[in-house]
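Undergrad: Predicted model follows, preceded by the sequence.
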Protein chains: 2
Amino acid sequence: MTLKDLAGSLGVSTATVSNAFNRPNQLSPKLREHILSEARRLGYSGPDAKARSLRTGRSRIIAVVLAESLTYSLNDAVASELLSGIAEVLDAHGHTLLLLSGRQSGARVPGSSSIADGFIVYGLMPSMMLIDELQGPGQRPLVAVDFDLEGQPTVHVDDEPACYAIGRHALQTRPRRPAVVNLRLTKHPCNARIAPDQELLPAARTITRSRLAGFHRAFAEHGIDPAGVPMWNIEENTYEVCAPVIAEILDLPDDERPDLLLCMSDRIALTAVTLAEQRGLRVPQDLRITGFDGIAEGQYRAPRLTTVRQDSVEKGRIAARMVLGLDPAEPRLLHTTLLIGDSCP
Amino acid sequence: MTLKDLAGSLGVSTATVSNAFNRPNQLSPKLREHILSEARRLGYSGPDAKARSLRTGRSRIIAVVLAESLTYSLNDAVASELLSGIAEVLDAHGHTLLLLSGRQSGARVPGSSSIADGFIVYGLMPSMMLIDELQGPGQRPLVAVDFDLEGQPTVHVDDEPACYAIGRHALQTRPRRPAVVNLRLTKHPCNARIAPDQELLPAARTITRSRLAGFHRAFAEHGIDPAGVPMWNIEENTYEVCAPVIAEILDLPDDERPDLLLCMSDRIALTAVTLAEQRGLRVPQDLRITGFDGIAEGQYRAPRLTTVRQDSVEKGRIAARMVLGLDPAEPRLLHTTLLIGDSCP
DNA sequence: CTGTTAGCGCCTTCAC
DNA sequence: GTGAAGGCGCTAACAG
């Protein structure tokens, strides 16, 4: 059943039916109601989305491109919150959400990406090819979240000041052996301690760099040489990947084991809390731990995490509003708030 | 830049360009390579998805319709795992994922739903209107997960036997005051204790009903009258909604407070563990707790949850394979495994 | 192996 | 307020 069929059986032109669905003020209310009710009766459920989008050039679909695999992203609290915020705004404005991953197993970008009216890209892609294609001639809006993309509006969090604040708080009690646990900081994948001469990703490619800068500023201010602070790196923000690295840290001999762990995410910090518990290490007496993100899980279990809260839902809302053209397409910086919990009072 | 333009500048017909992209064996490798490289050079990134989908009738997009709001679903571990499994299969077969919610705030079903090649519907919709429209004349495949939809293939978990198994395990140590904490069991929304005469949803409308039947079978087998077991109900599987109800239970006077809590989800059980800890109640000595789902969070924190693990990722994979026509469209029942943790040894 | 042709279903000027 | 006509970009027959 197509619009044309319907017009045929009603004895009106296709334009009139189209108007009944799309431009109420172009025909009499009475006729419109008649058409709509007949449509329902005959089982015509409105203009076909495929044809409509070809004709109008718009699909009312926004694609969210996630750097990581969908499997990972959907199970990450921060990414989920971001998606929630995006979905909320899109839904409120009659748009729907198409999920794409930067790590498609399929050979190339799925053709279906060209159907979207705009893109929200989250986290740095392993390859820029995808982005290049998205930015193609169509000139559809694109918003980058948590990384920089030349010539495109971005949404960021104040990573450096946030980590400075948390570092300053943690250093009020002077640690004997502080350490930093990073997330995707090294140029080459590494789930282990970072060697002093190891090559790191540039600041433009990972927010961890800004966060580290914040910690370093706090260290310097407290007379601690940042170069002397041992660092570890973790590639993926999951318990499974974090656990071995954290175990390596906690299983160091007593006189080498850090007594302060500045972690780049709450997931890392929570893993540290769990493994410390298992080893009979008391938090915060034997080991103080800080996180980043402020995810719910860290706030309702004991000991409550000392961390910095970023409003990922709001980040998503803003990105969505930008891509829909409701907000001006300009760089945005969200502020964070320090949450002082029990893991580092 | 369209396919036609490209054909024009290369001096070949549009069919040849189309073949270069879609049917490699319909033209010489040499010509194909030439066309593809010229396309890249001129900035043509392949056939437009909108036009292609209109022409072929297929979009390579599968829509997942979630009963709850996207905000809720994305933050629920079980729904996220389901989506992971779906995404994994779709991705492997060159399809992408469109997210729809049964609780659209937008007036009606978004027109964009008619773009999908098939639907996976998760959890019972508040209204069947949406489903009716999806099932419209198009006859596109539809798979229902965790609820029944007449005439459509479904994917279920063995809820009744699973709860029978967990109940049997828990009742090996005879509780003095067992209780059940349900999820969406009552006909009318209720976040409180369920009155004996309160109307419940029919089994076809909530899996909780099957789960409860499993518990009741275990009770009966142990000579406990199910009717004498107090029940509570919770409407949404989040800490925020669970906490007040659990608090109400735990704050009962000592001689009324349950010493065994059979919970319909790990989220509920974890909330109970947290609130019990806060009140100085020891788990499992003072209060034994069981869950359902087997989510990661319940397995790596102490005390490890006694629960039943359902493989939601696999559930998603199966649903996706069915909707893509890779598996036969027939009812499927997945098995669960009992996980005996420390919350109810 | 390559080119021609006829729509897929709809929206939107333009004339009436 | 209504109808006729063209084309959005592409693919699948069919011819050559």
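TA: Noted; the coordinates are in hand.

Undergrad: Give me the distance between the residue of the stretch 201-345 of chain A found nearest DNA strand C and A:Ile62.
TA: Proximity of the stretch 201-345 of chain A to DNA strand C (CB to the nearest atom of the strand) peaks at A:Gly325, 17.2 Å away. For the C-beta atoms, the positions are set from N, CA and C on the backbone; glycine is no exception. As for A:Gly325, its distance to A:Ile62 is 11 Å (criterion: CB to CB, to the nearest Å).

Undergrad: Neighbour count: the two, which is higher?
TA: Taking neighbours as other CB atoms under 10 Å in any protein chain shown, A:Gly325 and A:Ile62 compare with A:Ile62 leading, 26 against 11.

Undergrad: a helix runs through that one, doesn't it?
TA: No - A:Ile62: not assigned to a helix; according to DSSP: H, G, I helix; E, B strand; the rest coil it is strand.

Undergrad: beta partners of it?
TA: For A:Ile62, the beta-bridge partners are A:Leu97, A:Gly118 (DSSP bridges).

Undergrad: what sits against it?
TA: Going by CB atoms under 8 Å, 6 or more residues apart in numbering or on different chains, A:Ile62 touches A:86, A:90, A:95-98, A:116-120, A:320, A:323-324.

Undergrad: Make JSON lines out of the residues you listed and add pLDDT, distance to A:Arg58 and neighbour count.
TA: As requested, those are exported to JSON lines (pLDDT from 0 to 100; distance: CB to CB, whole Å; neighbours: other CB atoms under 10 Å in any protein chain shown):
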{"residue": "A:Ile86", "pLDDT": "97", "distance to A:Arg58": "18", "neighbour count": "30"}
{"residue": "A:Leu90", "pLDDT": "94", "distance to A:Arg58": "14", "neighbour count": "27"}
{"residue": "A:His95", "pLDDT": "93", "distance to A:Arg58": "10", "neighbour count": "25"}
{"residue": "A:Thr96", "pLDDT": "94", "distance to A:Arg58": "12", "neighbour count": "27"}
{"residue": "A:Leu97", "pLDDT": "95", "distance to A:Arg58": "15", "neighbour count": "23"}
{"residue": "A:Leu98", "pLDDT": "95", "distance to A:Arg58": "14", "neighbour count": "26"}
{"residue": "A:Ala116", "pLDDT": "94", "distance to A:Arg58": "10", "neighbour count": "29"}
{"residue": "A:Asp117", "pLDDT": "95", "distance to A:Arg58": "5", "neighbour count": "20"}
{"residue": "A:Gly118", "pLDDT": "94", "distance to A:Arg58": "10", "neighbour count": "21"}
{"residue": "A:Phe119", "pLDDT": "94", "distance to A:Arg58": "14", "neighbour count": "24"}
{"residue": "A:Ile120", "pLDDT": "96", "distance to A:Arg58": "17", "neighbour count": "26"}
{"residue": "A:Ala320", "pLDDT": "98", "distance to A:Arg58": "16", "neighbour count": "30"}
{"residue": "A:Val323", "pLDDT": "97", "distance to A:Arg58": "13", "neighbour count": "28"}
{"residue": "A:Leu324", "pLDDT": "96", "distance to A:Arg58": "11", "neighbour count": "20"}
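
Undergrad: ok so, going back, who's in contact with the nearest residue to the residue of the stretch 201-345 of chain A closest to DNA strand C once chain neighbours are set aside?
TA: In this structure, A:Gly325 finds its nearest non-sequential neighbour in A:Pro141, 6.8 Å apart by CB to CB, 6 or more residues apart in numbering or on different chains. For A:Pro141, the contacting residues are A:117-119, A:322-323, A:325, A:329, by CB under 8 Å, 6+ apart.
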